[in-house]
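1. Kindly return the folded structure for what I paste below:
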Amino acid sequence: MAEKINPSVFKNFFNSEKNGGMILMVCVVVSLAIANSSFADGFSNLLNSSLGFNIGTIAIHYSISAWINDGLMAIFFLLVGLEIKRELIEGELSSVQKASLPVLAAIGGMLVPAAIYFIFNRSTATAGGWGIPMATDIAFALAIIAMLGKNVPGSLKIFLAALAIAGDLGAILVI
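-> Next comes the predicted model:
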């Protein structure tokens with residue numbers, strides 16, 4: 001006979017920041033394994049298959065890859081943006097003095113990769129792509145810090161989240 005699972009186990013799992021970081025790392029390992037295996041073509045075909053729905057005259061159909069890239073990332077940035085707003089109003093980023101460091105770091109994090117790209121690609125057909133490396137992804141840094149839990153100061157978590165948002169917004173404006 002099957003043993004019943006306590007629903008609070010799931011609630012505690014999904015409320016833990018550590019588990020989100022672990023899920024991200026597991027997904028990266030699985031993705032790398034799939035990408036470097038004989039399943040790569042099949043998985044690529046799966047991601048390119050269409051998924052959607054019809055409501056009356058409205059038909060919404062996108063590839064699974066587009067749903068992941070556009071839909072889930074929009075939700076991610078909404079949640080992170082709400083967290084930043086809370087910090088701007090009452091937290092670590094509530095003054096210009098406190099907020100200036102992550103914003104300046106984000107500007108440097110955009111300009112340095114763009115300059116390196118431009119230096120190596122000037123006078124080539126791809127020189128105009130300097131805006132692409134500006135969108136650095138620090139999701140892994142956030143995941144590792146989340147997995148470290150209370151061993152990392154909250155101010156560092158807020159700094160990295162602010163850095164990610166400011167950098168991504170700047171890169172989106174350029175691209």
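2. ranges for the strands of this structure?
-> For the chain, the strands defined by DSSP state E cover 50-55, 58-63.
3. Turn those into TSV, including mean neighbour count.
-> In short, each C-beta sits where N, CA and C put it, glycine included. As requested, these are arranged in TSV below (neighbours: other C-beta atoms under 10 Å):
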stretch	mean neighbour count
strand 50-55	10
strand 58-63	11
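4. Distance to Lys157 and mean pLDDT for those - can I get that in CSV?
-> Shown next, in CSV, are the strands of the chain (distance: least, C-beta to C-beta, whole Å; pLDDT from 0 to 100):
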stretch, distance to Lys157, mean pLDDT
strand 50-55, 34, 91
strand 58-63, 33, 92
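5. Tell me which of those strands lies nearest to Ala35.
-> Of all those, strand 58-63 sits nearest to Ala35, with 17.3 Å by C-beta to C-beta.
6. Next, the angle from that closest one to strand 50-55.
-> 170 degrees (axes from the mean of the first three to the mean of the last three C-alpha atoms, to 10 degrees).
7. For strand 58-63, output the C-alpha coordinates as CSV.
-> Presented in CSV, the C-alpha positions along strand 58-63 are these (Å, rounded to 0.1, in the frame of the first residue of the first chain):
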residue,chain,number,x,y,z
ILE,A,58,-7.9,34.2,-31.1
ALA,A,59,-5.2,31.6,-31.8
ILE,A,60,-2.0,31.6,-29.8
HIS,A,61,0.6,29.1,-31.0
TYR,A,62,4.3,29.3,-30.4
SER,A,63,7.2,26.9,-30.3
